[in-house]
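Participant: Pasting the sequence and the predicted coordinates here, then a few questions.
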Amino acid sequence: MKINNYDKIAGWYDSLSRMVFFKSQVNAQVEQLSFIHEKSKILIVGGGTGWILDEIAKDHLEGLDITFVEISINMLELAKKRKYGLNKIEFVHLPIEEFVSQQAFDVIVTAFLFDNFSKDRIEQVFSKLHHLLKSSGTWLFSDFEYIKEQGKKWQSLMLKSMYKFFGIISNVEAKELVNMDSLFENKGYLKRKEQKYYKGFIKGIVYQKPAA
């Protein structure tokens, strides 16, 4: 089985997410969408079932150029059925590590992506995406947050349960959550918006890449 592949649970992944986290994961992503401007070139990485495409189309029925990269073919097939309006969209069935593009993007979206990776692969993927984002571009980031020295016991137990479950079902390689803050800070990204959800266990941050 490929690592970090959600084929087995593609059909009920969204329901499972909402059953556990209610609308927290949804809100963390939707409340960032106002930072997408018309005629943007957007890269969505690990977009899952593609429900975010419906939400984007509510404000941008046309004019966007979207590249949607997803490792799970079952997730990708569900995403293709979404109502994304007249926006131009390319669906790419690849792990992000193998994705190659000659164009740079105005916006990159990574929602609950990096929690799947080991530390080494996180650095590899982050570096690739950093170089694909235009100068002064926008990075819509959302994920779980747990800092051992500050986190709650229930957060630690939930993370362990999640990693055990998804390790079996989806061959997720990560065993623990890696704090991403330092990677963005080291590259000089500016936080334009930050919000916490689910009692601080989920965070959404809108980053702006520094000008060249």
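Facilitator: Thanks, I have the structure now. Numbers count the residues shown, from 1 in each chain.
Participant: any idea how far Gln25 is from Gly50?
Facilitator: The gap separating Gln25 from Gly50 is 14 Å, by CB to CB, to the nearest Å. All C-beta atoms are positioned from the backbone trio N, CA, C, and that covers glycine.
Participant: Ignore what I typed, I meant Leu157.
Facilitator: From Leu157 to Gly50 the distance is 31 Å (CB to CB).
Participant: Between the two, tell me which one has more neighbours.
Facilitator: Just comparing Leu157 and Gly50: by other CB atoms under 10 Å the higher neighbour count belongs to Gly50, 24 against 10.
Participant: Do you know the pLDDT at the closest residue to that one other than its chain neighbours?
Facilitator: Distances taken as CB to CB, 6 or more residues apart in numbering put Ala79 closest to Gly50, at 2.7 Å, once the chain neighbours are dropped. Ala79 is assigned 97 on the pLDDT scale.
Participant: What is the neighbour count of Ala79?
Facilitator: Neighbour tally, Ala79, other CB under 10 Å: 23.
Participant: and the longest helix that the chain contains, C-alpha only, in PDB?
Facilitator: When the chain is parsed with DSSP state H, its longest helix is helix 153-169. The C-alpha coordinates for helix 153-169 follow below in PDB (Å, rounded to 0.1, in the frame of the first residue of the first chain):
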ATOM      1  CA  LYS A 153      -3.700  15.400  27.800                       C
ATOM      2  CA  TRP A 154      -6.800  14.800  25.700                       C
ATOM      3  CA  GLN A 155      -5.000  16.300  22.700                       C
ATOM      4  CA  SER A 156      -2.100  13.900  23.100                       C
ATOM      5  CA  LEU A 157      -4.400  10.900  23.500                       C
ATOM      6  CA  MET A 158      -6.500  11.900  20.400                       C
ATOM      7  CA  LEU A 159      -3.300  12.300  18.300                       C
ATOM      8  CA  LYS A 160      -2.100   8.900  19.300                       C
ATOM      9  CA  SER A 161      -5.500   7.400  18.500                       C
ATOM     10  CA  MET A 162      -5.600   9.200  15.100                       C
ATOM     11  CA  TYR A 163      -2.100   8.100  14.100                       C
ATOM     12  CA  LYS A 164      -2.800   4.500  15.100                       C
ATOM     13  CA  PHE A 165      -6.100   4.400  13.200                       C
ATOM     14  CA  PHE A 166      -4.800   6.100  10.000                       C
ATOM     15  CA  GLY A 167      -1.500   4.200  10.200                       C
ATOM     16  CA  ILE A 168      -3.500   1.000   9.800                       C
ATOM     17  CA  ILE A 169      -6.200   2.200   7.300                       C
END
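Participant: could you point out which element follows that helix?
Facilitator: helix 181-186 (DSSP states H and E).
Participant: This structure: strands as residue ranges?
Facilitator: Using DSSP state E, the strands of the chain run over 41-45, 65-70, 88-93, 105-111, 133-144, 190-197, 202-208.
Participant: Contacts only, for the residue nearest to Glu70 when sequence neighbours are not counted.
Facilitator: Leaving aside its chain neighbours, Glu70 sits nearest to Leu76 (4.7 Å; criterion: CB to CB, 6+ apart). Residues in contact with Leu76 (CB atoms under 8 Å, 6 or more residues apart in numbering) are Gly50, Phe68, Glu70, Phe91, His93.
Participant: Many thanks, have a good one.
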